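Colleague: Show me the folded form of this:
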Amino acid sequence: MQIVIVDPSRVVLRIITDLLEPRGHTIHAFTDSDAALGFLSRTDTVRVLITSLEVRPRCGLELCWSARLLGDARRPLHVIMMSSVRDVRTLAEALDSGADDFIEKPPGAEELYARLRAAERLANMQDELIRLAETDPLTGLFNRRAFFGRVRNAVARPDSVGQLSAILVDIDHFKRINDEHGHDAGDAAIEAISDLIRPRGIVGRLGGEEFAVVLPDGDLEAARVLAGRLRLHAKALRMETAKGGQVRFTCSFGVSTWGADDTVEALLKRADVALYQAKTQGRDRVVVSTDAPALAQAS
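Modeller: Numbers count the residues shown, from 1 in each chain. Take a look at the predicted model:
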């Protein structure tokens, strides 16, 4: 695990580092609590913060509270408060400030190892819960809620205008696949398309046989070219059925790009309108939205 340790004593930092590094942990040691908080805000792979109560300029309780605010639904962070003073009041203050655990300073090796094993178990459980909450169970892609969350983060960049695009993908005549070959074949078609589009950017299953791909660094032309390649790859797919036959199918695509003063909903709505046009024009085709907002950089 990646672990941040904060203590005013370099000797204490060295003792704890020497205990943990041989056990495979990556240690980031700080004497300055603000520097530690800055590192935590930039590094979301840190799973444990061990902070002394006696740190500056931000005291240990303040650091604990601030670090807890960094954690969100997608970031497990286990906070262990460390102090040479252990009484009921100090323990209560630490827990009320957002600490998950409390340990005496300097910590004994076996106690420290045991508490970190507990922290790792909790972090692993949180990671699994996050995965289950964000993932479509059939395809392993982002579900609708998680997909929209990731896209909102992507469009918050100031350079997104004209450089971020969306592709909506829909399997043609999907009901016919289910009716003629069974729901197992339908599921197999959904999985095949998800495998095809998975590495392409921010990818989610929006529901049923509809998928969305957002390219954070792809302009409209890049998205159009990618959609064209995906269309050909989908058309070339062949799936064996339980009865020994083959299932062949095609997909339709709608493409749009991010404009000034845009919204995620509007971006995907334009792609959806383009997708509908692809369906009504005969399916198995790519339609690019012409109803785009201004692409000039917002002032």
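Colleague: Please count neighbours and contacts with C-alpha atoms only from this point.
Modeller: Noted.
Colleague: name the helices or strands packed onto the helix or strand harbouring E180?
Modeller: Element membership for E180, per DSSP states H and E: helix 174-181. Counting by 3 or more Cα pairs under 8 Å, 6 or more residues apart in numbering; DSSP states H and E, the packing neighbours recorded for helix 174-181 are helix 183-197.
Colleague: what about the helices in this protein?
Modeller: Applying DSSP state H to the chain gives helices spanning 10-20, 33-42, 60-70, 88-96, 109-134, 144-155, 174-181, 183-197, 220-236, 264-280.
Colleague: chain center to the fourth one, what's the gap?
Modeller: Between the centre of helix 88-96 and the centre of its host chain there is 33 Å, according to Cα atoms, centre = their mean, to the nearest Å.
Colleague: next one: the first one
Modeller: Averaging C-alpha coordinates over helix 10-20 and over its chain gives two centres that are 33 Å apart (Cα atoms, centre = their mean).
Colleague: going forward can the numbers begin at 10, since that is how I track them
Modeller: Done: numbering now begins at 10, and the last item shifts to helix 19-29.
Colleague: Mind listing what's buried along that helix?
Modeller: 21-22, 25-26, 28-29 (16 or more other Cα atoms under 10 Å).
Colleague: Tell me where the model's unsure across the stretch 160-308 of the chain.
Modeller: 253, 301-308 (pLDDT under 70).
Colleague: how about 80 then?
Modeller: 167-171, 250-254, 300-308 (pLDDT under 80).
Colleague: Just the CA atoms of stretch 211-223, as CSV, please.
Modeller: Taking C-alpha atoms only, stretch 211-223 is exported to CSV below (Å, rounded to 0.1, in the frame of the first residue of the first chain):
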residue,chain,number,x,y,z
ILE,A,211,-14.5,6.9,-20.9
VAL,A,212,-16.8,4.0,-21.8
GLY,A,213,-20.2,3.1,-20.3
ARG,A,214,-23.2,1.0,-20.9
LEU,A,215,-26.2,3.4,-20.7
GLY,A,216,-28.8,0.6,-20.7
GLY,A,217,-29.9,-2.3,-22.8
GLU,A,218,-27.9,-2.5,-26.0
GLU,A,219,-26.8,1.2,-25.9
PHE,A,220,-23.2,2.3,-25.1
ALA,A,221,-21.4,5.6,-24.9
VAL,A,222,-17.8,6.5,-25.5
VAL,A,223,-16.3,9.9,-24.6
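Colleague: circling back: please identify which of the buried residues of helix 19-29 is nearest to A118.
Modeller: L28 (6.8 Å; Cα to Cα).
Colleague: what about the closest one, distance to V21?
Modeller: Counting by Cα to Cα, to the nearest Å, the gap from L28 to V21 is 11 Å.
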